[in-house]
Every structure is written in structure tokens, then in C-alpha cells.
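Trainee: below: sequence and its predicted model.
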Amino acid sequence: MKTSNKMLQILFITVFTLGLTSCSDDDDNGNIIDQPQTIADIVSESDDFDILLAAAIRADLVETLSSTANTNLTVFAPTDAAFLTYLEADDEAAAIAAVNALPEQAVANLLLNHVLGTAVMSSDITAGYVEALSTNADGDALNLYIGVADGTVSVNGVADVVTADVDADNGVIHVVDAVIPEATVVTFATADPNFSSLVAALTRESSFSYVATLSTANGTDPAPFTVFAPTNDAFTALIAELDAVEALGDIPTATLEAALNTHVVAGANVREADLTDGPVTTLGGEVTIDASTAVITDANGRESTIVVTNVQASNGVIHAIDTVLLPEL
């Protein structure tokens, strides 16, 4: 049985949605007319989304999830169990109290990180990047990485869809088993299988601190970052290029660390539109960018082309490149 607190929450939803639903239960022929079932309605009526409902109220997003006017959303909806794990709470009451103790804007951005601006049914989901309604500090839309493997859809490598295609009048809900925090650049590197070699390089030596550094929250030095991220094919080509190197593990530590540094610009979130011609200072020295051709030239005259742009994380942006950049040899 729902608690009195839950009943008050449902009443709150009803007040918000009353003007958006039919006021009549009957049509002219005396037949019952189905009332609209918005995303907010479904969340409020389910025993699995008490904490999500409380978070939506705290974030003042109930109206957003209730509106049927020019609205077609996809919501990756975390269950109560998912929120309990994320908030490290013992029970729902403690979790709701924790939600209400957070700043409204922080809760709003977290929830919007679970929402797409278009309705996407499971049959239309493909692997790749999509834009959520959450934003970074500059107002740029954050990305989500959707993975599809062995019949399972995952989001940012942290949440799996456990129930798909819960249809609503203003979109669709896909139930997920974990809360999806705003991604860092490390989140995308680990979630996207095209960067598995990069992750192996970043974590090869225990002395490397890249994961911790690139996980730094926006606004905290040295974030934000612009990362020119080599694909797996780029690393394969590098191994073929270097003499006496047959695998990533054969690259000398000093060379590998210097190379990785050459792919990171600290203190700037430079999106494609803001790339300009000329030298750019990375953690490993200067590279030169030709913005018109999307080509980066390292200190050795080797050229790398940007093949994917503007993968936006909360603490920086990733541009995928097809050749590993090297410091001056």
C-alpha cells in the first residue's frame, strides 16, 4: 500500500496534469474516453518510481514530464532500487531526504541526463551518441553513449535497459537498472568500444594518473578538457608504424605517456565551431590545427583527421581522431 506521502505526491501530479487531460469521462455516445497517460502519470502510479517522482518534484520537472504539447520524449527511468544504490541510502525515505537536500538545479540536470528530446522505441535504438536534455556549465547539451550488445541496450556503460517501450502519450519510457550520472570524458572512453585501445593505454602503467585527472569535475583545475581521442584503428596503425613494436605493451612508457599528453588540452572545452587555425598547446606540447580540413599536425609533421566531433561530457569534449599524435621525436 502506498504511504500518505506517496498519495500527496500523486495529488501534486494530478494538479499539474488536470489542465492537460480531458475533463470528461464520456463522449457524446456515452462511451468511456481513455484519459491520457503521460510519462508523469506512469511514474506517479508505479510503485517502482517513488524516488524518481520525488526527484522530479524537487527539480520542478513534473510539468515537463506531463506536457503533451509539442512534446515527444524518451525517458530512461531508474527504479527505486537504482536510486538507493546511487544515493547509498538504506531505504526510500532516506533516499528522498537525500534528494531533497540537493540543490534543485543539480537534481534537474541529473534527471535531464536521462531524457532525450525525441521518442525512440527500442526497435529504433542503435549504438552511438545521442543528445540528452542535460547541459554542461556553458549550456552545451551533454551526450549519452548508447551501447547495443547481445540484445542488451546500455547507457554510458553504467545502466542497462531492463524494460523497454513503456508507451506514453508524450513519449516512451525505458526502465533502467542504474542512475546515469552526467558523463565525464573518461565515461565515454570506457563506454565506447571504439576507444578500448585508448583506455588500455591510459591505464597501462600504475604511475599514469589520466583516469583521475580526466575525471576532474568541471570548474576544478585542470578541467575542462578538450581530448583528441585516437580510435582503435589509430593505435593499430601506430603499432605498425613504430619499429620493433608489435603490441601496445611494447611502446616504451615515456613515449606512451608523452603521446597521451599530446592529445589533451587542459582548461578549455573547445567544440568544433570554436576550433581555429594555428598552434594549440596540449599537455605534451604544441600541435597545429587546420580547422577547415579538420586536420591536426603533430610536431613530426604527421597528420591526423578529426573523424567525430563534439562528444560532450560534463567536464570537457572529445573529438575522435584517426592517427595517434606523437611528441617531437
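Mentor: Yep, that arrived. Numbers count the residues shown, from 1 in each chain.

Trainee: for this protein, which segments are assigned as helices?
Mentor: 4-17, 39-45, 50-58, 62-66, 80-87, 92-101, 104-112, 185-191, 196-202, 210-214, 232-241, 253-261 (DSSP state H).

Trainee: so what's the residue lying closest to Asp91 once chain neighbours are set aside scoring on pLDDT?
Mentor: Spatial nearest neighbour of Asp91, excluding adjacent residues (C-beta to C-beta, 6 or more residues apart in numbering): Leu84 at 7.5 Å. For glycine as for every other residue, the C-beta is placed from the backbone atoms N, C-alpha and C. What the model reports for Leu84 is a pLDDT of 98.

Trainee: contacting residues for Leu84?
Mentor: Ile51, Asp90, Asp91, Glu92, Ala95 (C-beta atoms under 8 Å, 6 or more residues apart in numbering).

Trainee: dig out what the most centrally placed residue in the chain forms beta bridges with.
Mentor: Most central in the chain under C-alpha atoms, centre = their mean is Leu144, positioned 3.2 Å from the mean C-alpha point. As for beta bridges, Leu144 partners with Val130 under DSSP bridges.

Trainee: I'd like to know how far Asn218 sits from Ala268.
Mentor: Distance from Asn218 to Ala268, counting by C-beta to C-beta, to the nearest Å: 12 Å.

Trainee: who's more crowded, these two?
Mentor: Ranked by neighbour count (other C-beta atoms under 10 Å), Asn218 and Ala268 place Asn218 first, with 17 against 14.

Trainee: find the nearest non-adjacent residue to that one, please.
Mentor: Excluding its sequence neighbours, the residue lying closest to Asn218 (C-beta to C-beta, 6+ apart) is Asn315, at 4.3 Å.

Trainee: endpoints of stretch 179-190, how far apart?
Mentor: The first residue of stretch 179-190 is 17 Å away from its last residue (C-alpha to C-alpha, to the nearest Å).

Trainee: err, stretch 259-268, not the other one
Mentor: In stretch 259-268, first residue to last residue: 19 Å (C-alpha to C-alpha).

Trainee: what about the residue nearest to Ile96 when sequence neighbours are not counted, distance to Ala223?
Mentor: Once flanking residues are discounted, Ile96 sits nearest to Ala54: 4.4 Å by C-beta to C-beta, 6+ apart. Using C-beta to C-beta, we find Ala54 at a distance of 30 Å from Ala223.

Trainee: neighbours around the residue nearest to Ile96, how many?
Mentor: Residues near Ala54, counting by other C-beta under 10 Å: 23.

Trainee: who's in contact with it?
Mentor: Gln9, Ala95, Ile96, Val99, Asn100.

Trainee: before we move on, what about Asp138?
Mentor: Asp138 touches Asn269, counting by C-beta under 8 Å, 6+ apart.

Trainee: show me the shaky parts of the stretch 101-250 of the chain.
Mentor: Applying pLDDT under 70 to the stretch 101-250 of the chain flags no residue at all.
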